[in-house]
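J.: Got a predicted structure plus its sequence, pasted below:
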Amino acid sequence: MAATPLNLKVGERMFTTTRDTLSKSGFFSALISGPWEGDLLMDGSYFVDADPDTFEHVLKYLRHGTFPLFTTTQKVTIIGKARYFQIPSLEKWIRDKAYLKVVKSVHKAYELEAIEDISRSHSSEVDVKYYPTWKKEQTYICPRNIFIHRGNPRACGKQCKQAQGDAEPEYVEELILKTLVIQEEKSFDFTVCSSDDR
């Protein structure tokens with residue numbers, strides 16, 4: 001037999017759930033084990049004085065046993081509601097900072113020499129930030145003014161060396177665009193979010 005829906009008005013939002021789902025909370029279990037008449041509204045829903053955005057995480061946990069991921073600000077609010085609604089496993093998950101085991105971040109930093117290198121594609125799990133800057137560098141000038149030898153003395157061969165003769169290699173100061181790349185790759189282990197203890 002299908003469970004009978006039960007409507008909760010939490011703050012200004014309406015949530016539909018069942019008594020079975022709510023019974024996993026000590027708070028709601030005590031309320032639904034007897035007549036829950038005091039907070040019954042005219043539309044047949046029950047009023048719960050709580051923040052609906054926070055309650056959404058609590059209800060998802062009661063329904064599915066999946067611990068929530070959240071920001072630091074949310075953490076303080078949700079642990080308070082886990083305690084208020086008497087859900088020890090959710091409270092312990094937050095208090096023990098078990099959520100930190102779900103997301104792993106690996107950071108890499110490297111420098112790009114050319115602007116063309118920026119147009120690389122990355123996975124959606126990789127966040128890339130670019131920090132371009134101009135730097136002064138001494139650039140090698142080929143004695144024969146061959147452009148593709150510019151900046152690379154090893155590109156010059158025998159004829160370039162002959163053209164240079166006994167003179168010192170020539171360098172000129174140039175502004176070169178360099179780009180520092182900070183790459184953060186995130187991996188997720190959602191098995192850590194599962195709870196068998198509800």
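T.: Received it, and whenever you're ready, just let me know what you need. Residues are numbered from 1 along each chain as shown.
J.: And the strands in the chain?
T.: Counting by DSSP state E, the chain has strands at residues 5-10, 13-18, 46-48, 103-112, 126-141, 170-188.
J.: Nearest to residue 77, out of those strands?
T.: Distances from residue 77 to each of these were compared by CB to CB, and the smallest falls on strand 5-10, at 13.4 Å. C-beta coordinates here come from the backbone N, C-alpha and C atoms, glycine included.
J.: can you list contacts of the closest one?
T.: Identification of contacts with strand 5-10 by CB atoms under 8 Å, 6 or more residues apart in numbering yields 14-19, 22, 41, 43-48, 50-52, 55.
J.: List only those of those residues flagged as buried.
T.: Members of the contacts of strand 5-10 that pass the buried threshold by neighbour count (16 or more other CB atoms under 10 Å) are listed as 15, 17, 19, 22, 45-46, 48, 50, 52, 55.
J.: Between those, which sits nearest residue 148?
T.: When the buried ones among the contacts of strand 5-10 are compared for distance to residue 148 (CB to CB), residue 52 comes out closest, at 65.0 Å.
J.: quick one: low-confidence parts of this structure?
T.: 1-2, 34-39, 70-76, 114-123, 195-198 (pLDDT under 70).
J.: Quick check, central residue of it?
T.: The residue lying closest to the centre of the chain (CA atoms, centre = their mean) is residue 186, at 7.1 Å.
J.: How about that one: which residues does it bridge to?
T.: Beta bridges link residue 186 to residue 105 when assigned by DSSP bridges.
J.: ok, it to residue 69 distance?
T.: As judged by CB to CB, to the nearest Å, residue 186 and residue 69 stand 11 Å apart.
J.: Nearest residue to residue 51 in space, please, no chain neighbours.
T.: The spatial neighbour of residue 51 that comes closest, neighbours along the chain excluded (CB to CB, 6 or more residues apart in numbering), is residue 11 at 6.0 Å.
J.: surely the one you found meets residue 56?
T.: No - counting by CB atoms under 8 Å, no contact exists between residue 11 and residue 56, whose distance comes to 10.5 Å.
J.: Identify the residues contacting stretch 155-170?
T.: With contact meaning CB under 8 Å, 6+ apart, stretch 155-170 is reached by 140-144, 146, 148-149, 153.
J.: Just the buried residues of it, please?
T.: In stretch 155-170, residues buried by neighbour count (16+ other CB under 10 Å) are 156, 160, 164.
J.: Most neighbours among the contacts of stretch 155-170, please name it.
T.: Using other CB atoms under 10 Å as the contact criterion, the top neighbour count among the contacts of stretch 155-170 goes to residue 142, which has 20 neighbours.
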